[in-house]
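> quick one, structure for this:
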Amino acid sequence: MRLTPFLCALPLVAATACISKPAVHERALYNNELCTQQLAIGDLTRAEVYCDLGLEFSPHYADLWVNKGLISLQAGKKEEAKKHFIKALRFNQEQAQAYQNLGFIYLEEGAYGKAHDNFQRALKVNPDYLEARYNLGLTLMKMEKGEEAKKEFRTILAVNPNIANAHHNLGIIAYSEGKFEEAVEHIGQAAQLAPDVSNVWNDYGVALMELSRFADAREAFSTCVRLEAKNPQCLNNLAIAQRKAALIDSAGKEERETLAAENTADALYTMAVHYNEKGLVAEEERTYKKCLRLDGKYAKCHYGLFKIYSEAQKRDAATIACKNFLKYGVAEEFPSETESCEKFLSQDSY
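Numbering: from 1, shown residues only. Predicted coordinates:
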């Protein structure tokens with residue numbers, strides 16, 4: 001089961017009243033404001049009229065060239081937009097919006113190195129530029145530089161803890177690193193902050209599934225389906241979570257009945273094997289641990305933990321479980337298990 005990350009860049013920013021040299025004619029400033037207003041409502045034709053008029057008064061006014069770039073970009077003319085943003089930077093090398101918007105284009109094109117450089121330049125001009133910082137973090141994720149990306153998203157949340165996308169992407173990185181509890185924490189916060197985004201709920205459910213919290217995952221996927229009834233991932237994941245939750249309910253009842261009848265290490269080991277057969281790994285692990293709390297020398301439960309940890313590539317935990325099995329188990333009684341454990345311990349890595 002995979003996440004469907006909401007990896008989208010934050011919106012482009014129109015330029016208004018940034019300092020530029022030489023001095024800007026007041027009519028250029030006025031027409032730039034009008035151009036920005038028309039851009040905001042999507043009237044590209046009128047926006048371009050105002051921008052062009054402003055450039056007649058101040059052809060070196062960088063903010064107008066930024067807005068010209070946005071007009072081209074919204075019209076689907078990326079190459080033309082690039083030229084306008086580059087021209088803005090020629091007239092004002094501290095035009096942060098031009099760096100941000102140019103970086104946005106490069107990010108969409110998959111030119112991550114160029115995107116990275118432009119977002120960094122925007123932040124050099126204005127370290128508080130959250131859109132540029134978010135997009136830099138997103139670019140670093142695309143470049144598979146998770147630690148650097150986390151730093152940018154954490155910086156954003158230090159300034160504004162209510163940015164859902166930053167929480168979501170931190171959760172995605174944590175998930176990719178196998179840190180499922182951390183993933184659940186961040187994606188859960190994203191779901192609270194952006195309750196109408198279906199993919200966030202799907203990702204929340206996926207992370208919950210890794211912790212075997214199937215009933216909670218079922219609710220997350222159900223929310224996703226309510227928001228987007230035909231979302232194929234949510235529908236498929238909901239069906240899986242419903243089956244898993246039903247198995248847990250059934251197994252829980254069986255466990256309670258078993259323990260009521262016989263609360264012994266043997267009974268718990270048998271119960272753990274049933275969980276294994278149903279693919280309920282978290283419940284299997286929990287039951288082996290219960291077994292060992294009753295009888296710390298019960299070799300089969302130590303071996304059961306060894307199998308879980310070795311398959312999950314948790315070497316330290318697997319080594320401890322393996323050594324405990326060899327300490328309490330008898331080779332003649334468990335020949336294949338003993339051989340498997342000894343082979344594991346003899347390897348430098350798995």
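> tell me where the stretch 1-150 of the chain is predicted with low confidence.
Segments of the stretch 1-150 of the chain classed as low confidence (criterion: pLDDT under 70) are 1-22.
> for the stretch 101-250 of the chain, just list every one of the strands.
Per DSSP state E, counting those that start in this stretch, the stretch 101-250 of the chain has no strands. Nothing in it meets that criterion.
> would you map the helices across it?
For the stretch 101-250 of the chain, helices defined by DSSP state H, counting those that start in this stretch occupy the ranges 112-125, 130-142, 146-159, 164-176, 180-193, 198-210, 214-227, 232-261.
> residue 288 is nearest to which of the ones you listed?
Each of these was scored for nearness to residue 288 using Cβ to Cβ, and the closest is helix 232-261 (12.8 Å). C-betas here are computed from N, CA, C, even on glycine.
> what's downstream of the closest one, the next helix or strand?
Toward the C-terminal end, the helix or strand that comes next after helix 232-261 (DSSP states H and E) is helix 265-278.
> quick one, the next helix or strand after that following helix and helix 265-278 angle?
From helix 265-278 onward toward the C-terminus, using DSSP H and E, the following helix or strand is helix 281-294. Comparing the axes of helix 281-294 and helix 265-278 via axes from the mean of the first three to the mean of the last three Cα atoms, to 10 degrees yields an angle of 170 degrees.
> CA atoms of helix 281-294 as PDB?
Below are the C-alpha coordinates for helix 281-294, written out as PDB (Å, rounded to 0.1, in the frame of the first residue of the first chain):
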ATOM      1  CA  VAL A 281       1.700  -8.900  12.500                       C
ATOM      2  CA  ALA A 282       1.200  -6.300  15.200                       C
ATOM      3  CA  GLU A 283      -1.200  -8.600  17.100                       C
ATOM      4  CA  GLU A 284       1.200 -11.500  16.600                       C
ATOM      5  CA  GLU A 285       4.000  -9.500  18.100                       C
ATOM      6  CA  ARG A 286       1.900  -8.200  21.000                       C
ATOM      7  CA  THR A 287       0.800 -11.800  21.800                       C
ATOM      8  CA  TYR A 288       4.400 -13.100  21.800                       C
ATOM      9  CA  LYS A 289       5.300 -10.400  24.300                       C
ATOM     10  CA  LYS A 290       2.400 -11.400  26.500                       C
ATOM     11  CA  CYS A 291       3.600 -14.900  26.300                       C
ATOM     12  CA  LEU A 292       7.100 -13.900  27.500                       C
ATOM     13  CA  ARG A 293       5.700 -11.800  30.300                       C
ATOM     14  CA  LEU A 294       4.100 -15.000  31.600                       C
END
